[in-house]
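Novice: Starting from these lines, generate the structure:
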Amino acid sequence: MTTPTEHHGAKLDFSADMSYGDYLHLDQVLNAQHPLSPDHNEMLFIVQHQTSELWMKLMLHELRAAIGHIGGDRLAPAFKMLARVSRIMEQLVHAWDVLATMTPPEYSAIRPYLANSSGFQSWQYRCIEFSLGNKNAAMLRPHEHRPELLAQVRAAHEAPSLYDESLRLLARRGLPVPASHLKRDWTLPYAASDEVEAAWLVVYRDPEAHWDLYQLGEELTDLEDAFRLWRFRHVTTVERVIGFKRGTGGTGGVSYLRKMLDVVLFPEIWKLRTDL
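Specialist: Presented below is the predicted three-dimensional model:
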């Protein structure tokens, strides 16, 4: 009896060829879950966070490329990448719905096994925050024990953010962006400026004359809108699961996360909606 090598045209024999699992390195990916507790629900907790890290890897890949394209005056590919970042954030928003199926008693059973590990320590998330302009030098500290990771976080901390590059683009187009926002210490948090808002208002008062810059402003708005939803669902899921207990990483938990909801990444683009 012969073994068929095809089924309805599909190849079946991969003894000498790369298969789906080979290409995706699924042996490594699917064997990277190592629960420390005997509890059934820890697998959910691990997979939730590992898949989020994979989505953040793609988000960083797209963000870095988009920032580079904006810096090089190539807006068309940047728009595609920024739209993709927003869709990734939407994916991460919905991922909280899965974790929300973990009840407080279920989480309490695995919490002692987490020790001080916390999403607060995610180096990829920190790179995303820095790339979006929320700079804070203290957030380098959790990565000092891993020099190779610290180098990547520090690079994001020291580089112009997505918004910084967008403002430099506006200036190259002749819009009145103040010099203080074009050459500054990129490691410092962004400070809102009436002059920057005035530059954006030129764009928004005549979209036809500045269409690609107008589209850039709306792509940034979409991105921050999605980012706010992601943060909000994080807060509500944590409150649902642990209430107001302190986080495993030592933060105030929900109270800390609620403060993060007040961070505005692209302030002038939001304020101009009132002033138009």
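Novice: Which parts of the stretch 151-276 of the chain are helices?
Specialist: With helices called from DSSP state H, counting those that start in this stretch, the stretch 151-276 of the chain shows them at 162-172, 194-205, 211-242, 254-260, 267-275.
Novice: quick one: which of these is nearest Leu30?
Specialist: Nearest to Leu30 among the helices of the stretch 151-276 of the chain is helix 211-242 (25.1 Å), distances taken as C-beta to C-beta. To be clear about C-beta, it is placed using only N, CA and C from the backbone, and glycine gets the same treatment.
Novice: mean confidence score for stretch 116-134?
Specialist: Summarised as a single mean, pLDDT over stretch 116-134 is 93.
Novice: That stretch: which residues count as buried?
Specialist: By neighbour count, and taking 16 or more other C-beta atoms under 10 Å as the criterion, the buried residues in stretch 116-134 are 120, 122-134.
Novice: Among the helices of the stretch 151-276 of the chain, which comes closest to Ser180?
Specialist: Proximity to Ser180 (C-beta to C-beta) singles out helix 194-205 among the helices of the stretch 151-276 of the chain, at 8.4 Å.
Novice: Report the angle between the closest one and helix 211-242.
Specialist: Helix 194-205 and helix 211-242 are oriented at 110 degrees to each other (axes from the mean of the first three to the mean of the last three C-alpha atoms, to 10 degrees).
Novice: So for stretch 89-105, mean pLDDT?
Specialist: With pLDDT averaged residue by residue, stretch 89-105 scores 94.
Novice: For that stretch, what is the distance to the chain centroid?
Specialist: Once both centres are worked out by C-alpha atoms, centre = their mean, to the nearest Å, stretch 89-105 turns out to sit 16 Å from its chain's centre.
Novice: in that stretch, what counts as buried?
Specialist: Buried residues in stretch 89-105, counted by 16+ other C-beta under 10 Å: Met89, Gln91, Leu92, Val93, Ala95, Trp96, Leu99, Met102.
Novice: residues touching the nearest residue to Val202 once chain neighbours are set aside, list them.
Specialist: When the adjacent residues along the chain are set aside, Val202 lies closest to Leu175, with 5.7 Å between them (C-beta to C-beta, 6 or more residues apart in numbering). Contact partners of Leu175, counting by C-beta atoms under 8 Å, 6 or more residues apart in numbering, are Ala199, Val202, Val203, Leu213.
Novice: what about the second one, neighbour count?
Specialist: Right, Val202. Other residues near Val202 come to 16 when the count uses other C-beta atoms under 10 Å.
Novice: residues in contact with it?
Specialist: Val202 sits in contact with Leu175, Pro176, His210, where contact means C-beta under 8 Å, 6+ apart.
Novice: again, but for the last one
Specialist: For Leu213, the contact set (C-beta under 8 Å, 6+ apart) comprises Leu169, Leu170, Arg173, Leu175, Val203.
Novice: do the same with the third one
Specialist: Contacts for Val203 (C-beta under 8 Å, 6+ apart) come out as Leu170, Leu175, His210, Leu213, Tyr214, Gly217.
Novice: Next: the first one.
Specialist: Counting by C-beta under 8 Å, 6+ apart, Ala199 makes contact with Leu167, Leu170, Ala171, Leu175, Pro176, Val177.
Novice: Give me the phi and psi angles of the most centrally placed residue in the chain.
Specialist: Nearest to the centroid of the C-alpha atoms of the chain, with distances taken as C-alpha atoms, centre = their mean, sits Ile128, at 4.7 Å. Reported as degrees, to the nearest 10, the phi and psi values for Ile128 are phi -60, psi -50.
Novice: was I right about it contacting Met59?
Specialist: Yes - contact between Ile128 and Met59 holds when scored by C-beta atoms under 8 Å: they sit 6.1 Å apart.
Novice: what ranges do the strands span in the stretch 1-150 of the chain?
Specialist: Remark: strands assigned in the stretch 1-150 of the chain by DSSP state E, counting those that start in this stretch are 6-7, 10-11.
Novice: can you redo the ones you listed as CSV with mean neighbour count, distance to Leu276 and mean pLDDT?
Specialist: Conversion of these to CSV gives the following (neighbours: other C-beta atoms under 10 Å; distance: least, C-beta to C-beta, whole Å; pLDDT from 0 to 100):
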stretch, mean neighbour count, distance to Leu276, mean pLDDT
strand 6-7, 8, 61, 75
strand 10-11, 8, 57, 87
